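[1] Sequence plus the predicted model coming up.
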There are 2 protein chains.
Amino acid sequence: GAQAIIGGFGGEVDLEAAGWKGGPILVSGIDGVGTKLLIAQKMNKHDTVGQDCVAMNVNDLLCNGARSIFFLDYIGCSKLNLEMAASFVEGVAEGCRLSGCALVGGETAEMPGLYDGEDYDAAGTATGMRSKDQALPRMQEMAEGDIVLGIASDGVHSNGFSLVRKIVARSGVEYTDPAPWDSSRSVGESLLTPTRIYVKSIWSVHEHGRLLLGLAHITGGGLSENIVRMIPEELAAEVDVKTWEMPAVFKWLKKEGNVTSEEMARAFNTGLGMVAVVKAENADLVISKLETAGEKVYKVGKLVKRDGEGCVLKNLSSWI
Amino acid sequence: GAQAIIGGFGGEVDLEAAGWKGGPILVSGIDGVGTKLLIAQKMNKHDTVGQDCVAMNVNDLLCNGARSIFFLDYIGCSKLNLEMAASFVEGVAEGCRLSGCALVGGETAEMPGLYDGEDYDAAGTATGMRSKDQALPRMQEMAEGDIVLGIASDGVHSNGFSLVRKIVARSGVEYTDPAPWDSSRSVGESLLTPTRIYVKSIWSVHEHGRLLLGLAHITGGGLSENIVRMIPEELAAEVDVKTWEMPAVFKWLKKEGNVTSEEMARAFNTGLGMVAVVKAENADLVISKLETAGEKVYKVGKLVKRDGEGCVLKNLSSWI
């Protein structure tokens, strides 16, 4: 009744095969927040990483065509700091509200001897539901000329933070200093911007239509490694990085860290949190629906015949 | 469409209320292995804690009347030790096999700066399914005179390990020494005995019948605090601890640690991993079905009118 999708964005269970006649497909994933937690720790600000914990999971499930219906979180720590935990769970609850899913449980494990001081780890799991014909990606329907859309991110999201922390440390700025890329907020506050949750906007396009052929959540591996997960072997996504402006935080990270454009495209979302493939004739309709639902959307490229890499990034030298 | 059951053994989602007509109830939980991991670390033996990770979750869901259908695991570490992770996941797979559920995904998060050396934390999440009329507990059907059954555990399972580690440290025995309570195995090997998985045996009783009125998974809080979670306010479980023999490992822990009987009953399962409430006229049938499925079962007490505590343990002084 179940199979893990190797290389996919979530594991599937067919409730019908599991014995419930007429049941839906369930899709489930588990993910943590990663070393962004260490910045939350430094800033003693824990609500936004709670939202990250939800976002990383519910955005992944969208790529399978599923809408998240419930979520559970896990916190491992030495001794529970109630204020920290309350703040974290507040962010989890906000993430669940933004994605329209229910927070049905959680566990806080106190493990002195494993965690030091105020350190904690956090992970979460979301389970979504879809009908059989809502499955994504629909690789067999993809063809040369299909349009690649990019949906704007809200900053760094939850990946690449080991590199971010290295660059910040080397630059000499403090997390409490005004951000060189946004003087209205501190470095820490800006970096802690929560991962954008795309559930409601994407579901408004996907629920009843057959408009989306594929979705990629741009997490670790960036555009370079995530887009290829949803397209067939014979096709490549040709993406022109001049079609959107790389946000200021990434320009600062690139310059301060002396990061190559290629590395930027593997470590960070570089401004696009979600990428979609649609038929050319549907592109404007999808953009209009997504923008009505509050997203900023760019036509960033198209599918071409594959000749080598599955994701070809054009004009990378424009990232300076 | 969903509600968290405060004090219950898992969170519920009604798929019908979530928009899938005729859908089942899903029940989901998340739990870690706790400080038993530190003994796995000391013994460099990681397969059995993988099974624990599954067991803690799937046994919990049984108490809601649900059979687990899928599982995901999370490992947080500094740098992935492939041998360790492979061994852990082997145990997870064995746990999934024993409980008849599918391992549909997992995440390994490398977080240097949060975890030291070879340390890791592990958690897992199981989701189960049931029909509306399979819900447990059925408190409104419980009455004075109903029988309390105890199902044997396989050692300490996965709770109370902070106390276990303190007692072992104070006793002066090494984890590699022969266990004073079982000379055929070392202290570490014996303590790492995996948590028993009750899914198949209990499902053989519960799937088609209305024989079980309630189930309690005996985890942290022991008999004292877990049995009360499934019985109504006006009733108490009166359990005679002389009706089964407390296993040798617990006798050793009690003596070496100078642990009171009351504390034993709150910290450990003391020999019973699962407790059930059944009608007196069904007790022998349930015992026979469970024993046919491989369990050792004891009649340990009955429900009485509550007058103070919800779980009254008789003959505690016999635990010496």
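    That came through fine.
[2] rest of the way, CA atoms for contacts and neighbours
    Will do.
[3] which SS class is the closest residue to chain B within the stretch 101-250 of chain A?
    The stretch 101-250 of chain A approaches chain B most closely through A:Val104 (4.5 Å), counting by C-alpha to the nearest C-alpha. On the three-state scheme (DSSP: H, G, I helix; E, B strand; the rest coil), A:Val104 is labelled strand.
[4] pLDDT at it, what is it?
    Note on A:Val104: pLDDT of 93.
[5] Could you check how many residues crowd around it?
    When neighbours are defined as other C-alpha atoms under 10 Å in any protein chain shown, A:Val104 has 22 of them.
[6] Isn't it up against B:Glu12?
    Yes - applying C-alpha atoms under 8 Å, one finds A:Val104 in contact with B:Glu12, separated by 6.7 Å.
[7] For A:Leu313, grab the count of nearby residues.
    A:Leu313 has 20 nearby residues by other C-alpha under 10 Å.
[8] which stretches of the stretch 1-150 of chain A have low pLDDT?
    Counting by pLDDT under 70, the stretch 1-150 of chain A contains low-confidence ranges at A:1-10.
[9] Residues in contact with stretch A:232-249: which ones?
    A:139-140, A:142-144, A:148, A:155-156, A:181-182, A:227-228, A:231, A:270-271, A:298-307, A:309-316, A:318-319 (C-alpha atoms under 8 Å, 6 or more residues apart in numbering or on different chains).
[10] What residues of that stretch count as buried?
    Buried residues in stretch A:232-249, counted by 16 or more other C-alpha atoms under 10 Å in any protein chain shown: A:Pro232, A:Leu235, A:Ala236, A:Ala237, A:Glu238, A:Val239, A:Asp240, A:Val241, A:Trp244, A:Met246, A:Pro247, A:Val249.
[11] out of these, which are inside helices?
    A:Val249 (DSSP state H).
[12] just the buried members of the contacts of stretch A:232-249?
    The buried subset of these (16+ other C-alpha under 10 Å) comprises A:142-143, A:148, A:155-156, A:181, A:227-228, A:231, A:270-271, A:298-304, A:306, A:310-313, A:316, A:319.
[13] So which of these belong to strands?
    A:Val148, A:Tyr298, A:Lys299, A:Val300, A:Gly301, A:Lys302, A:Leu303, A:Val304, A:Cys311, A:Val312, A:Leu313 (DSSP state E).
[14] Taking those residues, tell me the two that lie furthest apart.
    Pairwise distances among those were taken by C-alpha to C-alpha; the largest, 18.1 Å, belongs to A:Tyr298 and A:Val304.
[15] just how off-centre is stretch A:61-78 within its chain?
    Distance, stretch centre to chain centre, for stretch A:61-78: 12 Å (C-alpha atoms, centre = their mean, to the nearest Å).
[16] swap in stretch A:42-49?
    Per C-alpha atoms, centre = their mean, the centroid offset for stretch A:42-49 relative to its chain is 19 Å.
[17] just stretch A:50-65 next, same as before
    6 Å.
[18] Mind listing residues that contact stretch A:34-44?
    A:46, A:49, A:84, A:118-121, A:158-159, A:161-162, A:175-176, A:188-189, A:192, B:109-111, B:114.
[19] quick one, domains of chain A?
    A:2-134, A:139-318 (automatic domain parsing).
[20] To which secondary structure element type does A:Lys42 belong?
    Recorded secondary structure, A:Lys42: helix (three-state DSSP).
[21] Helices of the stretch 101-250 of chain A, start to end?
    Along the stretch 101-250 of chain A, the segments classed as helices by DSSP state H, counting those that start in this stretch run A:161-171, A:187-191, A:199-206, A:222-226, A:248-257.
[22] Which member of the ones in strands among the buried ones among the contacts of stretch A:232-249 is positioned nearest B:Ile25?
    Once C-alpha to C-alpha is applied, the member of those that ends up nearest B:Ile25 is A:Val148, at 38.3 Å.
[23] Just list whatever residues bridge to that closest one.
    A:Val277, A:Gly301 (DSSP bridges).
[24] so it makes contact with A:Cys311?
    No - with contact defined as C-alpha under 8 Å, A:Val148 does not reach A:Cys311; the gap is 11.1 Å.
[25] quick revisit: nearest approach to B:Glu256 belongs to which of the helices of the stretch 101-250 of chain A?
    Here helix A:161-171 is closest among those (C-alpha to C-alpha), at 45.7 Å.
[26] most packed of the domains of chain A?
    domain A:2-134 (a mean of 22; mean count of other C-alpha atoms under 10 Å in any protein chain shown).
[27] which helix of chain A spans the most residues?
    helix A:82-99.
[28] Keep only those of the contacts of stretch A:34-44 that are in strands.
    Among these, the members falling in strands (DSSP E) are A:Tyr120, A:Asp121, B:Ala109, B:Glu110.
[29] how far away is the third one from A:Ala40?
    This points to B:Ala109. 17 Å (C-alpha to C-alpha, to the nearest Å).
[30] Next: the last one.
    From B:Glu110 across to A:Ala40, the span is 17 Å (C-alpha to C-alpha).
[31] Check the second one too.
    Distance, A:Asp121 to A:Ala40, using C-alpha to C-alpha: 11 Å.
[32] Likewise for the first one?
    From A:Tyr120 across to A:Ala40, the span is 10 Å (C-alpha to C-alpha).
[33] just A:Ser224 next, same as before
    Relative to A:Ala40, and taking C-alpha to C-alpha, A:Ser224 is found at 28 Å.
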